[in-house]
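> All I have is the shape, not the residue letters:
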């Protein structure tokens with residue numbers, strides 16, 4: 001193994017730089033291997049100056065930095081690259097060009113740090129002969145085959161802190177505070193932040209909710225003299241028999257963007273006579289310094305990915321199972337995304353301590 005590449009795709013997440021740092025240090029110190037960073041996801045292979053050398057000096061001091069020094073691209077799918085030509089949107093398959101550029105770089109391995117979309121693309125590129133190792137990254141914690149993804153713990157801590165802060169203002173003004181959290185189609189952030197942040201109602205995508213159940217919980221608290229309530233809502237939550245709420249519709253270029261369900265819930269509560277405010281935490285959950293847990297996990301993943309590449313085990317993803325960093329096929333990891341199960345201990349616990357889940 002002489003040359004390896006690293007790219008970060010999809011949305012940013014705390015811990016990406018820690019993975020890059022660990023991979024570079026392991027490759028250089030253990031294998032005397034050259035490392036190259038690819039800018040802006042797969043797009044870097046199509047850009048002039050999109051490939052840059054990464055040595056020990058380049059990764060110095062980035063362990064605690066959020067984001068990614070390589071940049072990322074949410075819409076960088078080489079199998080469906082969406083561009084404008086003469087003012088009109090078209091979709092191009094540039095995967096063969098990407099493969100040629102990868103082989104031109106003479107890379108013995110390519111480490112791909114990403115979520116389900118980025119890793120699915122990685123698996124497809126493996127079928128075209130690209131030697132790829134995947135590293136699971138997402139604040140949503142929705143990638144199959146691993147107990148946890150790096151970035152999730154930091155997002156969870158930020159969401160919990162937000163709920164802590166809203167408790168005092170909610171109680172002072174006798175309001176119902178609705179907090180909309182990220183997570184897409186997985187409710188891990190809202191569920192666990194809601195439990196740790198003392199939410200009274202938690203709404204997640206896996207459990208369609210009924211508005212009257214939310215109101216019943218607020219009434220129950222009011223009768224006990226608790227004139228305020230906290231509602232944690234995952235952006236992908238939806239009412240029973242209804243659809244998810246999107247802040248932006250999809251078109252030929254952009255995919256639909258979830259968002260707005262918090263406002264829907266807050267407006268309903270307001271109409272029932274309870275003063276309500278909504279807070280959309282948004283990308284604050286993605287940014288900033290990663291927690292110690294995410295730094296350690298990201299470092300373990302980055303080093304393990306290089307060791308896996310040295311063994312020639314491609315089309316695989318590093319994963320955490322039973323507290324041990326293991327490996328799983330990219331196909332298996334991306335075929336079955338992880339979701340909150342109704343039998344999960346966190347769900348059972350939430351119900352037992354009196355949190356309403358809207359069903």
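Thanks, I have it. If you're wondering where the values come from, they're calculated on a predicted model, not measured in any experiment. Residues are numbered from 1 along each chain as shown.

> For residue 182, give me its contacts.
When the contact criterion is C-beta atoms under 8 Å, 6 or more residues apart in numbering, the partners of residue 182 are 139, 140, 155, 189, 234, 235, 281, 282, 285, 286. All C-beta spots, glycine's among them, are computed from the backbone N, C-alpha and C.

> rerun at 10 Å
Contacts here follow C-beta atoms under 10 Å, 6 or more residues apart in numbering; on that basis residue 182 touches 11, 138-140, 155, 158-159, 189-190, 234-236, 258-259, 280-286.

> Next: residue 8.
Residues near residue 8 by C-beta under 10 Å, 6+ apart: 16-17, 19-20, 37-41, 44, 67-73, 111-114, 118, 135, 137.

> again, only this time at 6 Å
16, 68, 70, 72, 113 (C-beta atoms under 6 Å, 6 or more residues apart in numbering).

> ranking those by neighbours, who comes first?
Each of the contacts of residue 8 was scored for neighbours by other C-beta atoms under 10 Å, and residue 113 scores highest at 32 neighbours.

> From residue 5, how far out is that one?
Applying C-beta to C-beta, to the nearest Å, one obtains 11 Å for the distance of residue 113 from residue 5.

> ok, now residue 161?
Residue 161 is 36 Å from residue 5, by C-beta to C-beta.

> of these two, who's got more company?
For residue 161 versus residue 5, the count of surrounding residues by other C-beta under 10 Å is larger for residue 5: 24 against 15.

> now the contacts of residue 8 in CSV, with pLDDT and distance to residue 295?
Written out in CSV, the entries for the contacts of residue 8 read as follows (pLDDT from 0 to 100; distance: C-beta to C-beta, whole Å):
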residue, pLDDT, distance to residue 295
16, 97, 11
68, 95, 14
70, 96, 18
72, 85, 19
113, 97, 15
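
> how about the strands of the stretch 251-359 of the chain, start to end?
Listed in chain order, the strands of the stretch 251-359 of the chain (DSSP state E, counting those that start in this stretch) span residues 257-258, 276-280, 316-321, 324-329.

> no no, the stretch 1-150 of the chain
If you assign secondary structure with DSSP E, counting those that start in this stretch, the strands in the stretch 1-150 of the chain sit at 3-8, 34-38, 51-54, 81-85, 88-92, 109-114, 132-136.

> And the contacts of stretch 114-124?
Residues external to stretch 114-124 that are found in contact with it (C-beta under 6 Å, 6+ apart): 9-10, 77, 112, 132, 134, 137-138, 143, 330-331, 334, 337.

> among the residues you listed, who's most crowded?
Ranking those using other C-beta under 10 Å puts residue 134 first, with 33 neighbours.

> residues touching that one, list them.
Neighbouring residues of residue 134 by C-beta under 6 Å, 6+ apart: 112, 119, 122, 317, 330.

> before we move on, what about residue 301?
Under the criterion of C-beta under 6 Å, 6+ apart, the contact list for residue 301 reads 19, 135, 318.

> filter those to the buried ones?
By the neighbour-count criterion of 16 or more other C-beta atoms under 10 Å, the contacts of residue 301 include these buried positions: 19, 135, 318.

> Now a PyMOL select for only the buried ones of the contacts of residue 182.
PyMOL command restricting the contacts of residue 182 to the buried ones, with burial defined by 16+ other C-beta under 10 Å:
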select buried, resi 11+138+139+140+155+158+159+189+190+234+235+236+258+259+280+281+285+286
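
> Straight-line length of stretch 321-339, end to end?
Start to finish, the residues bounding stretch 321-339 are 16 Å apart (C-alpha to C-alpha, to the nearest Å).
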